[in-house]
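Participant: my questions concern the predicted model and sequence given below.
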Amino acid sequence: MTVEFKHQGTVTLAEVAEAAGVGESTVSRVLRNHGSFSDKTRDRVMAAVERLGYVPNRIAGTLASTGSRLVAFVVPSLSNIVFPDVLRGASTILEENRYQAVFSVSDYDPEKEESLTAAMLAWRPAAVMVAGYEHTDGTVKRLRASGCRIVELLDLDGDALDMAVGFSNRAAGRESAAFLLKRGYRHIGYVGHDLNRDTRAGKRFSGFCEALAAGDATLADREILAGASSVENGRLGLERLLARTADLDAVYFSNDDMALGGYFHCLARGISIPSQLAIFGYNGLDIGRATPQPLSTIRTPRVETGKVAAQLVVNNAPSQVVDLGFELIEGATA
C-alpha cells in the first residue's frame with residue numbers, strides 16, 4: 001500500500017512568539033542569545049520552540065543582519081585526515097563564537113574549486129577559506145570582488161590574497177631531503193601522486209630536489225601515479241619503482257598515506273626497513289606512529305591551522321601571513 005506523504009508547513013517565528021506569549025523580537029533575541037530577556041522568558045520561548053519543532057532560518061537572519069555568521073570552506077579532499085583536522089580545529093573556534101561553518105570538496109580540480117567558490121559566495125559568507133595559493137583567474141577575481149575575508153590554508157609559498165595560515169611546503173621538502181642526506185642516503189627515489197593537481201605536494205617535491213642538488217646528490221628515479229594519494233597507490237608506486245631501480249637506499253613519499261603503502265609493500269616482500277630501504281613521508285598522521293616502526297616524516301599543524309585561521313576571521317584581523325612551521329619526526333623508518 002502506498003502512503004502519500006504530506007509536507008507540513010514550516011513553523012514560523014510568529015507562531016513561536018504566539019505560543020510563548022511574547023513578541024517576535026523577544027523570540028529573536030532569545031534564539032540569538034543577544035539582548036535583554038529574563039530566564040523565565042527564555043524558558044517559555046525554548047519550550048515553544050521544542051514543542052513546535054521550530055528551526056531558525058539562519059540564512060534569512062544573515063541576509064537581514066549587518067554581518068554574516070557563515071564561514072565557507074572549499075577543500076580539495078576529505079579522503080584522509082588532513083583537511084578534516086583543519087575543519088575540526090576551525091569549528092572549535094567558530095562554534096564558540098556562534099559562526100556556522102559550511103564546506104564543499106573540489107577533488108583537487110581548479111575549475112571545480114572555481115564553481116564551488118562562486119556557489120559559496122552567493123550565500124554572502126563572512127569569510128571563505130581555501131587550500132593553498134594556486135587558483136584559477138576566475139576564483140581569484142570572485143574572491144577579491146566578494147568583500148568577504150579570505151584565508152588561504154596550509155601553504156606559504158606564494159602571495160596571499162588576504163590572510164594565510166600554514167607553513168612552507170618547499171621548506172618541508174628541503175628539510176626532508178637534508179635529513180636523508182645527513183643519514184647517509186644517496187641513492188634516493190620518489191613516489192607520489194598527481195603533482196599538477198596537488199600543487200602543495202609539487203612544491204614539496206621541488207624543495208626536496210633543490211636540497212638534493214645542494215648536497216651534490218640527484219634523484220635516482222621517480223614514480224608518479226595518476227589520481228589522489230592513497231595507501232594502495234603508495235604500495236603500487238614503490239613496487240613499480242623498485243622493479244626499475246632495485247638498488248635505491250631511500251624513498252621519499254608525497255605524504256604519509258603513500259609512505260604507509262610503501263611500508264606495507266616492504267613488509268610483504270621481506271625488505272628490511274631501514275637497513276635495506278629507508279622510507280620518509282609527510283603529514284605526521286597518527287597511524288604512522290602506530291606502525292611497528294614509527295614512520296619518519298614531517299608533522300604538520302593541521303588542527304592549529306584551522307584554529308588560527310578561524311580566530312583571524314572572528315577577530316576581523318588585518319591582512320597577514322601566519323607561519324606555524326612544521327616538525328621533523330625522526331621515527332624509525334629512515
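Facilitator: Right, received. Where do you want to start? Computed from a prediction, not measured in an experiment: that's the story for all the values here.

Participant: give me the nearest residue to the spatially most central residue of the chain, chain neighbours excluded.
Facilitator: Among the residues of the chain, the one closest to the centroid is Phe83, at 2.6 Å (Cα atoms, centre = their mean). Spatial nearest neighbour of Phe83, chain neighbours left out: Val75 (4.3 Å); criterion: Cβ to Cβ, 6 or more residues apart in numbering. Bear in mind the C-beta positions are built from the backbone N, C-alpha and C, glycine included.

Participant: ditto for Leu181
Facilitator: Nearest non-adjacent residue to Leu181, counting by Cβ to Cβ, 6+ apart: Gly215, 4.4 Å away.

Participant: how near is the residue nearest to the centre of the chain to Gln293?
Facilitator: The gap separating Phe83 from Gln293 is 27 Å, by Cβ to Cβ, to the nearest Å.

Participant: I'd like the next helix or strand past whichever strand or helix holds Thr26.
Facilitator: Using DSSP states H and E, Thr26 maps to helix 24-32. Counting by DSSP H and E, the next helix or strand C-terminal to helix 24-32 is helix 39-52.

Participant: list of residues touching that following helix?
Facilitator: Outside of helix 39-52, the residues within contact range by Cβ atoms under 8 Å, 6 or more residues apart in numbering are 11, 15-16, 19-22, 26-27, 30-31, 37, 54.

Participant: switch to 6 Å and redo it
Facilitator: Applying Cβ atoms under 6 Å, 6 or more residues apart in numbering, the set of residues contacting helix 39-52 from outside is Val11, Val16, Ala19, Ala20, Val27, Val30.

Participant: of these, closest to Asp155?
Facilitator: Set against Asp155, the nearest of these by Cβ to Cβ is Val30 (42.5 Å).

Participant: so what's the residue count around the closest one?
Facilitator: Residues lying near Val30 (other Cβ atoms under 10 Å) number 22.

Participant: so what pLDDT did the nearest residue to it once chain neighbours are set aside get?
Facilitator: Nearest residue to Val30 in three dimensions, chain neighbours excluded: Val45, at 4.3 Å (Cβ to Cβ, 6+ apart). Val45 is assigned 90 on the pLDDT scale.

Participant: against Asp39, how distant is Val45?
Facilitator: Counting by Cβ to Cβ - Val45 and Asp39 are separated by 11 Å.

Participant: so for these two, which sits in the more crowded spot?
Facilitator: Val45 (24 against 7).

Participant: do you know how far the more buried one is from Gly262?
Facilitator: In terms of Cβ to Cβ, Val45 sits 58 Å off from Gly262.

Participant: same check on Ala172?
Facilitator: From Ala172 to Gly262 the distance is 18 Å (Cβ to Cβ).

Participant: contact partners of the helix or strand where Met258 lies?
Facilitator: In this structure, Met258 sits in helix 256-269 according to DSSP H and E. Helix 256-269 has contacts (Cβ under 6 Å, 6+ apart) with 80, 191, 229-231, 234-235, 238-239, 253, 273, 279, 281, 283, 285, 288, 295, 297.

Participant: show me what counts as buried in it.
Facilitator: Asp256, Asp257, Met258, Ala259, Leu260, Gly261, Gly262, Tyr263, Phe264, His265, Cys266 (16 or more other Cβ atoms under 10 Å).
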